[in-house]
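# Have a look; sequence and predicted model below, questions after that.
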Amino acid sequence: MLHHILAILVPILLYFSSYLELSTATDTLIGYTCSISLFSLELYTTIGLMADEIVSVNEFQVLAKQALPKMYYDFYAGGAEDEHTLKKNVQEFQRIILLPRVLVDVSNIALSTNILGYNISAPIMIAPTAVHKLAHPEGELATARAAAACNTIMILSFSASCSVEEVAASCDAVRFFQLYVYKRREIAINLVQRAEKSGYKAIVLTSDTPRLGRREADIKNKMIVPQLKNLEGLMSAEVASDKGSNLEAYANETFDPSLCWRDIAWLKSITNLPVLIKGILTREDATKAMEVGAAGIIVSNHGGRQLDYTPATISVLEEVVQAVGRKVPVLLDGGVRRGTDVFKALALGAQAVLVGRPVIYGLAAKGEAGVRKVIHMLKDELELTMALAGCPSVKAISRSHVRTDRDRLQSML
């Protein structure tokens with residue numbers, strides 16, 4: 001009974017708290033964030049009573065919506081324009097059918113795999129997502145500790161609320177760093193070199209953001225850009241905009257729309273780390289990525305937050321894998337909510353998947369423990385799927401274990 005009452009009271013209290021403080025000027029955002037975060041922190045123990053009852057990753061989204069101010073929840077959960085791609089990322093997984101093999105010895109299931117020479121406990125990594133302190137007071141430090149505890153790779157966002165150095169010092173683990181390239185190229189040089197010095201093992205270049213997608217929830221909420229920790233002393237997050245999303249105005253003022261394929265050589269020249277390209281959706285771009293020397297490809301549509309009506313990532317994964325010819329690892333993000341989703345992506349050629357929003361929802365609901373639980377739930381579901389499908393190891397998962405719409409169409413011809 002208590003948790004039902006709290007389920008009603010928590011969002012009401014958070015709403016009025018955010019209403020009172022959101023009327024302040026932009027330069028008080030840090031104080032606002034701290035006050036909301038501290039207020040939320042007092043509620044996490046109680047909300048945790050409900051979090052202990054969840055049985056699927058999707059249920060963390062409900063708890064996150066209760067825990068977060070509307071502006072922040074919408075920022076994490078929303079997509080571009082009609083949110084068609086956002087929805088399709090999840091829905092297209094459901095169109096893929098599993099074809100299990102029976103009477104296979106599955107008494108021991110091996111989930112571990114290797115990405116760029118680094119062993120991880122399962123083919124499930126943490127995608128780069130922005131400003132984790134809007135979800136929880138400990139921000140990316142809690143996420144990094146959870147990733148280390150789960151023995152997986154976290155890709156730290158350029159737009160993190162903790163610096164590359166702070167995250168590196170938080171725990172011992174393999175981490176990659178995600179990069180946006182600004183018009184001021186010296187900022188990219190600074191961050192790439194700091195990441196390399198701090199022990200990050202790869203650079204992940206986001207390639208699909210010459211401008212920010214039209215995220216209408218952020219426009220309605222007049223989303224404010226917090227100061228990004230990695231940019232302190234380099235540039236301010238303040239922009240002159242009296243309407244719509246400050247985030248959109250800031251991004252469009254700073255992102256470099258001239259970034260192109262020939263700039264990959266420049267990026268590789270400023271670091272000894274391997275460079276992966278995130279945002280590939282076609283065989284043509286996959287081929288170009290190979291030509292410029294990408295060390296890996298991430299099939300991604302930015303979680304449905306950039307160009308709406310692009311294809312769901314799982315629907316184009318096989319096309320990209322075939323273009324690459326398994327010369328470099330192909331990873332996938334977008335729409336992964338079940339262990340069966342992970343299995344389907346592996347069957348279609350991905351070496352691992354990246355999980356974004358579910359990690360944020362776990363963080364918002366229960367901090368580090370919530371992130372751990374999200375990863376553990378996906379791992380447990382994947383292990384069960386592999387056992388029931390007759391796959392004792394990740395390497396045993398093959399294309400013959402799934403049937404897609406394309407397969408069904410070809411069988412009819």
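Yep, that arrived. Residues are numbered from 1 along each chain as shown.
# CA only for contacts and neighbour counts going forward, please
Fine.
# What ranges in this protein fall below the confidence cut-off?
In the predicted model, the chain carries pLDDT under 70 at residues 1-52, 237-244.
# Check which residues of the top helix by length along the chain are buried.
Longest helix in the chain, counting residues (DSSP state H): helix 357-389. Of the residues in helix 357-389, 357-379, 381-389 count as buried by neighbour count, 16 or more other C-alpha atoms under 10 Å.
# After that helix, which helix or strand is next?
For helix 357-389, the following helix or strand on the C-terminal side (DSSP states H and E) is strand 402-403.
# list the helices and strands that next one packs on?
Other helices and strands packing on strand 402-403, by 3 or more C-alpha pairs under 8 Å, 6 or more residues apart in numbering; DSSP states H and E, are strand 97-98.
# Tell me the strands beside the strand it packs on, with direction?
With DSSP bridges as the test, strand 97-98 is paired with strand 402-403 (antiparallel).
# Give me the contacts around the next helix or strand after the strand it pairs with.
For strand 402-403, the following helix or strand on the C-terminal side (DSSP H and E) is helix 405-412. Helix 405-412 has contacts (C-alpha atoms under 8 Å, 6 or more residues apart in numbering) with 95-96.
# Go through helix 405-412 and flag the buried ones.
Within helix 405-412, no residue counts as buried by 16+ other C-alpha under 10 Å.
# Return the alpha-carbon coordinates of that helix using PDB.
Included here for helix 405-412 are C-alpha records, laid out as PDB according to Å, rounded to 0.1, in the frame of the first residue of the first chain:
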ATOM      1  CA  ASP A 405      10.500 -10.200 -42.900                       C
ATOM      2  CA  ARG A 406      13.000 -10.400 -45.900                       C
ATOM      3  CA  ASP A 407      13.400 -14.100 -45.300                       C
ATOM      4  CA  ARG A 408       9.600 -14.600 -45.400                       C
ATOM      5  CA  LEU A 409       9.300 -12.600 -48.600                       C
ATOM      6  CA  GLN A 410      12.100 -14.500 -50.300                       C
ATOM      7  CA  SER A 411      10.400 -17.800 -49.400                       C
ATOM      8  CA  MET A 412       7.300 -16.700 -51.100                       C
END
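# That helix: how far from the chain's middle?
On the basis of C-alpha atoms, centre = their mean, to the nearest Å, helix 405-412 sits 32 Å off its chain's mean C-alpha point.
# now stretch 363-376
Worked out by C-alpha atoms, centre = their mean, stretch 363-376 lies 14 Å from the chain centre.
# and what of stretch 76-89?
For stretch 76-89, the separation from the chain centroid amounts to 14 Å (computed by C-alpha atoms, centre = their mean).
# How about it, which residues are buried there?
Quick answer for stretch 76-89 (16+ other C-alpha under 10 Å): 76-81, 83-89.
# Can you name every helix or strand that the helix or strand harbouring residue 354 contacts?
Per DSSP H and E: residue 354 is located in strand 352-355. On a contact count with 3+ C-alpha pairs under 8 Å, 6+ apart, strand 352-355 meets strand 124-126, strand 330-333, helix 339-347.
# And the residue nearest the centre of the chain?
residue 356 (2.6 Å; C-alpha atoms, centre = their mean).
# residues contacting that residue?
Each residue near residue 356 by C-alpha under 8 Å, 6+ apart is listed here: 126-129, 333-334.
# what about 6 Å?
Residues in contact with residue 356 (C-alpha atoms under 6 Å, 6 or more residues apart in numbering) are residue 127.
# what about it, distance to residue 61?
12 Å (C-alpha to C-alpha, to the nearest Å).
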